[in-house]
Structure formats: C-alpha cells, structure tokens
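*Asks:* sequence-free structure coming up:
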Ligand code: FES
Ligand code: FES
C-alpha cells in the first residue's frame, strides 16, 4: 500500500486535514476521500476543464496537480461559493437558459464564468467564448452557456460601475 | 392515424415552457449524481490489460505476478469466464447475410484492435489494479493489420477473420427505377468520391458501471451510465444466465450519450462477470485514453457517387457506391450495418429523384468497432447528395436555392416513398427553404461575398436540405429479432397531496426528457408542471420500454405519458363525480382543480379529492374503489419511422494562406411537428449542429498504417471549443404528424444531419474561384492547403 502524507489546507472556507497518498491527484482526493463529487473528471489529461478548482484564487486543473502540493493553500471548488451572489446568479441563469444538458461540464464552466466576470465585468460574446474555451462541453454547442454568462455579467447590479 | 387515440383534442401549447428544467437547477448546484459519484461499501475496481497491437495472436498470458500483488482481488482472461458469460453476435434478421464472429468480454486467442481488452484485474483500488497491469506478461505473435478501407477491400490483403473468405461483413443493394437509362439520357452528370474521417463519441462522462451481484439472492444490480436500461437488463439476464426479475439496471445521471452508450461493451460485461466471481460491487470508469480506444467509433466511409440531371436542373438519378469500415466486429445488439444502411437510403431523399442504384459494402478492419451514433448515417447521405447538388448547380450556373427548390418533394406528393424506400408522411421543404432564405438574408450575403472576393477574402455560403429519421416503431428492431422494445410505458398516480408522480420508460441524458414528460402530463391532466414529479432510469421502478435513442423520447415517450394522463384524468373526474354526486362528463380539470365546465367554477381541488379518496373512502358509496393510479403503454403505429425535415446554411471564411476555416454564421430551419418545448428543441438542434461541425472540421480517429490509434488524447483528437463555434440561428415550421397522438416528431439528430454537409459546401463555394474542391473530411488546414496546391 502507498505511504500517506498529512496535509492541511483550506477548502471552501474551512480548514481541513487529510492523510493522502503522494500519488493522489487533487481531483481524486476531493472526489474519493472527501466526497466532493461535483468536481468531475472528464479526461485526466488537462484538456477538458471539468475538474477545474480555484487554488489561491487561480483556476487550476485538479486532475493535473498532486494533493500534497496543497499544503497551506486555499482551495475553492464549484461546491463552495454558497454565499457568493455572482455564483448564485450564474447558477440561476445557467438553469434558466438551459446552459447545461447532462451537467457534467457545469461545475468547471461556472468557475470559468465567475473568474471571467471578476476580471472583466462586462465581457462581450467573443471574450466569453475565448475565456471558456478551456472548458469542453459535448452537449450544448456552447451558445446557451455564452448567453447565460453574458446575461449574468450584464445584469449583476453589484458590478455596476466596475468598468 | 386510426385507433383509440384518433379523436383526442390535441394541445399545441404546453404548460411549463418558461420553467427551468429541474435537472438543470440540480446540476447547476453541483448536485448531480453520476455513477462515479455513488458511494458503495466493499467496492472493488476493475482495470484492463489492452492489446498493444492492432492484430496479434495471443500465445501465452502470464498473470502470476499480477495476482500476487497485495490488494489484487481477482485476475481473469476470456477463458476463465466462459462458464458464467455466454458469447454474443452482432447480427439482426433484417440484414440478411450480415456476418460477425462470436465475442466474449475479453479477447479470446487473438486481439483484433489496438486497445481491445485482454485481461481483467480486480483490486481494492483502481491504482492498485493499474499497478498490477504492469506485471502481466503476454506473448504475442503480431499479424498484418487491416487498416484502411481500400486495404480491407483488397482481394489479396490480410483477413481480419481467417474463417471468412473476405473482409466483407455485409453487402446491400438498393434499386429504384432505371438509373442506367437515366444516366444514358441525362444532359449533365456530376460525380465525385467523398471520404469521411472516423469519429468517436467523446461524451464528457466516460462509460461507467458499478456491477453489484448479491450471490445469496442471485441478484444483479447494475448502476450503469446507459441510455437503455431495459435492453441492458435483458442482455445481463441472458448472457449471465440470471432471472430477469433478479436483474435491476439503474441509470442515474448520465453525462452525455448520443448513441455511444447504447451498445454492449466487453468492459461492462467483464465488470458484471467480476462481481459475480467475487460477490462484491465492481466499478469500471473508462479513463479518457480507454474511451478513445474502446468506445464505439463512427462514420468511416468512402463514397463514390454520381448524379444525372436535365439541363433545366431536374435530378433524374443517383448511383452510389458506399464502403464503410466497421472494425473487427458488428457491434451487439444493434449491429454495425445500420449506419451504412441508413446512409444509403438517405441519398437523394429530399428530392423528386425517380431512379437510384445504391450499393453498400460493410468491411471488417483491425480498428475499434463502429456503430450507431447521433444522426446514424445521415451526415453521409446528406453530405454526398448536397455536394453533388452543388456541383450540378455550378455546372448549370444555377443558384443553390433555385436548384433545390426545383427538386424538393412538394405538398402535392405526400405520402410518398423515396428512392431509398422510406415512406414520408408529410414534409415542408418549400416552406423551410423560403424561411431560410429570409432568415439568413441570402442576397445580402451574396453581395458581401462578391465584394470581399474582390479584396482577396474568400467567403463561402453552403446550403443543405435534409430529412431526419425519428420515432422508430416496431417494424425496426422488432422485425430484426432484437429484444429492443419499441413500445413505452408510463405509471402515473395521484398523491394524497394532490400532486402527480409519474414513472416512465424513456430516459434522460440531458435532453430534458423528464421536463418534457412533466409538461405533457401537466398539459393533458390540467395541473401545474411543478406538481408533476418524474422518475426515469430504473428497471425496477418504471414500466418496461424502449428508453431514449433514435430521436424517440419526446414523440413516443410523450405519447405514452399523454395516454396515461388522459386515463388518470378520466378516473379523477369519475371520483369527483362520485364525491359530488354529479356527472363526470360535465367536469374538467384546470390548474389542479376540478371545475364545472358550464360555470367554469371550481367544484373540488385535487388535494381535497386526494384526501377523501385516500383517507375517507368510508364517505363514498359502498363498494366504490377509487382508481388513483394508472399504467398505460403506447405502441407507435403506422410506418417504421416519422420523418422530419429541414434546411441548414453555413457562412464561413477560408484563410487561403493558413488553410484555417472560420465559421461566421450558421442557420437551421427545422420541422419536428408540434413543438413541446421550444428552448429544449432549439438546444437539441444547437448541440447536434456542433457535433456535425466537429466532424467536418476537426474530429478524426487517426490510425497509423500498423493500426495504432494515434489520437488517443483530447490534445490529439480535436473537438469543438467555444471560441471556434458560431452562434446558431434557428427557425421552425410545424407540420404535425398523425402517427403519434401528440403530433410531435423527434429532433435530437436534425442538427447533426446536415451541419457537416453545409460546411463542406460553403468551403467549396469559397474556394470555387481558385478551382479547389475539398472532398475529404475533416477539412483540416493541411487538406485545404493541399487542395489549393500550396503544399
Ligand atoms: S479532468 Fe482535468 S482537465 Fe479534464
Ligand atoms: S452539458 Fe454535457 S458536457 Fe456540457
């Protein structure tokens, strides 16, 4: 059996401790050890973005980094952000616009969308398409996702005047 | 249509269209439950040692070291499981002459494609199972591989199956009229050879199963990411010699399917075998490389086609020779002959084409098996036909709209039988073409195109007409002898709260099936959609049925729910009449309340009716037994399919220096009969279009001459991303079908049917002044530059 390492980091706002094998990816630890199954694994090759999480405020492919690299880090997954009005507006608009079909890509897409609007509060459609082009969706053809992100960005009152 | 549902008043407006799908709300909040998300006690994991060769004899397998690795629970090969799993063969009676050898879950004696599973390892974790794979030692004798279509066809090349005299799996010929005579008397003839690159499904959720066998009860529960739980229940029952009532298949959330998750795969069968062997739940989740190697592939075709026309532009005839490479086996249970069969029958199908000769040759190869996938055969039939129509238009100097208007089948002709043998109830080609021309502002685009050409910018416009096969009836798989149900069933009950719960045999993979079923129930019962709860995807909790594939969910599933709703409504009105001592025929249900039709006033609410019927039946007449739930089944009637139709157009720019195609715009005008939910229909079309665009521009399963798959990552197999895709504009015509009481046809495959064809036509339109013609897909920069003579 693999050796285990003790690990301490912040996950969705709470300090957590885990014992983890050095070869376990962050995605596998989140899913298999911690039950955070909304972080999906679509490729384990860094290509699809379904496994995206935020580490210290930056988007990271959780399939590509080892869990033990997270000592002391701050990790947010798509299952966090419960008090975040922007995330709530995105979730609402994704559902209303049918910006997801099977829902497998959705967690990663929502994180990408939130990241974009935080950087560029009023993106145009091309900026949205560029920004989410690291996230693969096989079902929707993307247009509904672009619509939902655009609507969220352009209707978020709290962002008025940011740009 | 005739029969019991003939005189029903048909609704054309459906309740709840503006409400978001409940599934979508759930997924947006990270609450999806896919197979890999479900926790199991005592779970074991299975991984596979796969063939490194495309074609090789297995001389010896040594698993001793793998077996002794700590944490390994079981290791087995094909010969170890012949006592628990019977072999299968992918043949159906309606493809006479189709041949394919027996298959077991693992390669037996010989591996026939790169990536075929050979040895299974079951361990406490997937990581340990993968470690053990490294310790397996196989002695191989490599054999020459059959890779390309020409390679497979060649008379003196290697054979995939030495017991057969050639690599032909199936040959089919179709004839209508006298095409030889038509060609002899034609004013013009156009002809070309198209080659379509092999694609794969690439669902974002890979194939997944947890097989959980309880030896004490001889009961198998499979949590399976499949479109078709009933078919899989039947297959597990028969091939593992279990009792059908002891086999339960549960499909939780399914992360995309598109036809890829309809077929029997060795890995899933091996997971079931493993669970039976060790009496523990066993999980198989394909990793992405395994998906590329072992999911079904699709659409590798080489088509030589000719079209004969008069000088006025009337299409007289087509002659088509289509060869397709399907890998080493015809896939069980739906066969790998269906795609070519439908491609051949769809040639020229939108047009008044009296004469036709088509030949299909289905060939074995040493590559992953191919089978049915979204828009089975359509892209091949539509691309071939529409390419020839454009070649003819150019030759006759006719506008692409004009030549199509001249040839499409018209209102005075229905019902009619196409040259390929399909019976069309009623289509709306003329109306769709008119709508498309306006929607895309065609003449303005032509002006812009001409102006830009002056400046060395090459833009192209491509148009394509299609028909789509939907709502397959019993005359499809049933006639072929497959145990694949064409009927569906729906159980529906009034809860004591006055809410409605339904369990239906069509399934959800993101299309919005559950929402549409709730809408139909709400509409025909007269209740709010939020008061309808829908259960799908569990063979133990729903009636037996066909499930969701071949664009049948809304039309057939919806009709099933409709007849159940009408039956439950009749019961509820009767109960209301008994409670109120009134006349049921004077009552109706509106917004969840029984009303008096004459006064429009509510007489009793459904919660009150539920309360009395469930808890105070003592207040009702003696020996009155309120029937508070119903089950109804619905069998599609009439011809084997309901056809839909539509037109698509693409506007794009080709960079003649780099060979890169930039998609600027895409339009679809489609007619799927009565629209149950406009947003969901449009999103099915958009998703489908992008599958077609991926196929025509990027996606290709590339094999080396030795049969090694060279595109087994998402960095090598390119699929559409958001920044490469255009917005897609959609308009509708609505020609209701009389083949279902609901009037709805299918729509899941319309987008894919013609998207590739119109892009090919647009690229060729763009490059026409440069005398370049593309005829091989995907249209990679390399192929475009080669056609331009630049490389
Ligand atoms: S699973 Fe990490 S990028 Fe696809
Ligand atoms: S909704 Fe299925 S992959 Fe995006």
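*Replies:* Looks like it came in fine. What you are looking at is a predicted structure, and each value in this text was computed from that prediction instead of being measured. Numbering: from 1, shown residues only, chains lettered A, B, ... in the order given. Ligands and ions are numbered 1, 2, ... in the order given.

*Asks:* biggest helix in chain B by residues?
*Replies:* helix B:558-580 (DSSP state H).

*Asks:* where's that helix relative to the chain centroid, distance-wise?
*Replies:* In terms of Cα atoms, centre = their mean, to the nearest Å, the centre of helix B:558-580 is found 34 Å from the chain centre.

*Asks:* Ok, stretch B:382-397 next?
*Replies:* Distance of stretch B:382-397 from its chain centroid, counting by Cα atoms, centre = their mean, is 28 Å.

*Asks:* buried ones in it?
*Replies:* Judged by neighbour count using 16 or more other Cβ atoms under 10 Å in any protein chain shown, the buried positions of stretch B:382-397 are B:382-394, B:396. Backbone N, C-alpha and C define where each C-beta goes, glycine included.

*Asks:* which ones among those are found in helices?
*Replies:* Counted as lying in helices by DSSP H, out of those, are B:382-394, B:396.

*Asks:* List the residues that contact the residue nearest the centre of chain A.
*Replies:* What sits nearest the mean C-alpha location of chain A, by Cα atoms, centre = their mean, is residue A:111, with 3.4 Å. By Cβ atoms under 8 Å, 6 or more residues apart in numbering or on different chains, the contact list for residue A:111 reads A:52-54, A:59, A:78.

*Asks:* Out of those, give me the two with the largest separation.
*Replies:* Across the contacts of residue A:111, the longest distance by Cβ to Cβ is 11.4 Å; it joins A:59 and A:78.

*Asks:* So for these two, which sits in the more crowded spot?
*Replies:* Using other Cβ atoms under 10 Å in any protein chain shown as the criterion, residue A:59 and residue A:78 rank with residue A:78 on top: 27 against 17.

*Asks:* Now name the helix or strand holding the more buried one.
*Replies:* Using DSSP states H and E, residue A:78 sits within no helix or strand.

*Asks:* Give me the spatial nearest neighbour of it, chain neighbours excluded.
*Replies:* residue A:107 (3.3 Å; Cβ to Cβ, 6 or more residues apart in numbering or on different chains).

*Asks:* what's the burial count for the closest residue to ligand 1 within the stretch 101-250 of chain B?
*Replies:* At 8.6 Å from ligand 1, residue B:204 is the closest residue in the stretch 101-250 of chain B, using Cβ to the nearest ligand atom. Number of residues near residue B:204 (other Cβ under 10 Å) recorded here: 26.

*Asks:* Kindly report the same for residue B:747.
*Replies:* Neighbour tally, residue B:747, other Cβ under 10 Å: 30.

*Asks:* ok, now residue B:712?
*Replies:* Neighbour count of residue B:712, defined by other Cβ under 10 Å: 21.

*Asks:* which element is it on?
*Replies:* Using DSSP H and E, no helix or strand contains residue B:712.

*Asks:* My guess is it contacts residue B:294. True?
*Replies:* No - when contacts are counted by Cβ atoms under 8 Å, residue B:712 is not listed as touching residue B:294 (10.4 Å).

*Asks:* Overlap in contacts, the two.
*Replies:* Jointly contacting residue B:712 and residue B:294 under the rule Cβ under 8 Å, 6+ apart are residue B:115.

*Asks:* which stretches of the chain have low pLDDT?
*Replies:* All of this is about chain A. Filtered on pLDDT under 70, chain A yields the residue ranges A:1, A:158-163.

*Asks:* Chain B, not that one
*Replies:* Along chain B, segments meeting pLDDT under 70 span B:1-7.

*Asks:* how about the strands in the stretch 451-600 of chain B?
*Replies:* Applying DSSP state E, counting those that start in this stretch to the stretch 451-600 of chain B gives strands spanning B:458-470, B:488-494, B:500-504, B:532-535, B:587-590, B:593-596.

*Asks:* Next: chain A.
*Replies:* For chain A, applying DSSP state E gives strands covering A:5-11, A:14-20, A:52-55, A:58-61, A:74-76.

*Asks:* Of the ones you listed, flag the one that's most buried.
*Replies:* Using mean count of other Cβ atoms under 10 Å in any protein chain shown, the stretch among the strands of chain A with the largest mean neighbour count is strand A:52-55, at a mean of 23.

*Asks:* which strands and helices sit next to that one?
*Replies:* Judged by 3 or more Cβ pairs under 8 Å, 6 or more residues apart in numbering or on different chains; DSSP states H and E, strand A:52-55 is in contact with strand A:58-61, strand A:74-76, helix A:106-119.

*Asks:* So is that strand next to ligand 1?
*Replies:* No - counting by Cβ under 6 Å from any ligand atom, ligand 1 has no neighbours in strand A:52-55; the shortest distance is 7.3 Å.

*Asks:* Given that strand, what are its sheet partners and their directions?
*Replies:* According to DSSP bridges, strand A:52-55 has the following sheet partners: strand A:58-61 (antiparallel), strand A:74-76 (antiparallel).

*Asks:* list the residues that contact both of residue A:59 and residue A:78?
*Replies:* Common neighbours of residue A:59 and residue A:78, counting by Cβ under 8 Å, 6+ apart, are A:52-53, A:111.

*Asks:* Now narrow the residues you listed to whatever sits close to ligand 2.
*Replies:* Subset of these in contact with ligand 2: empty, counting by Cβ under 6 Å from any ligand atom.

*Asks:* which of these lies closest to residue B:758?
*Replies:* residue A:52 (33.6 Å).

*Asks:* I'd like to know how far the closest one sits from chain B.
*Replies:* Going from residue A:52 to chain B by Cβ to the nearest Cβ, to the nearest Å gives 12 Å.

*Asks:* got the contact list for residue 116?
*Replies:* Here I'm looking at chain A. By Cβ under 8 Å, 6+ apart, the contact set of residue A:116 is A:123, A:127-128, A:131-132, A:149, A:153.

*Asks:* That was the other one, I meant chain B.
*Replies:* Applying Cβ under 8 Å, 6+ apart, one finds that residue B:116 lies in contact with B:50-51, B:107, B:266, B:294.

*Asks:* could I get the residues you listed as TSV with neighbour count?
*Replies:* Listed next are the contacts of residue B:116 as TSV, based on neighbours: other Cβ atoms under 10 Å in any protein chain shown:
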residue	neighbour count
B:50	22
B:51	23
B:107	23
B:266	23
B:294	22
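
*Asks:* As a markdown table, those with secondary structure and distance to residue B:337 would be great.
*Replies:* Output for the contacts of residue B:116, formatted as a markdown table (DSSP: H, G, I helix; E, B strand; the rest coil; distance: Cβ to Cβ, whole Å):
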| residue | secondary structure | distance to residue B:337 |
| --- | --- | --- |
| B:50 | strand | 26 |
| B:51 | coil | 25 |
| B:107 | coil | 23 |
| B:266 | helix | 20 |
| B:294 | helix | 21 |
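
*Asks:* which of these lies closest to residue B:188?
*Replies:* For the contacts of residue B:116, the nearest to residue B:188 is residue B:294 (46.4 Å; Cβ to Cβ).

*Asks:* Please work out how many residues are found near the closest residue to the closest one other than its chain neighbours.
*Replies:* Nearest residue to residue B:294, sequence neighbours excluded (Cβ to Cβ, 6+ apart): residue B:115, at 5.5 Å. Other residues near residue B:115 come to 24 when the count uses other Cβ under 10 Å.

*Asks:* mind checking how far residue B:115 is from residue B:130?
*Replies:* Using Cβ to Cβ, to the nearest Å, residue B:115 is found at 15 Å from residue B:130.

*Asks:* any idea which element residue B:349 lies in?
*Replies:* Judged by DSSP H and E, residue B:349 forms part of no helix or strand.

*Asks:* Nice, that's everything, thank you.
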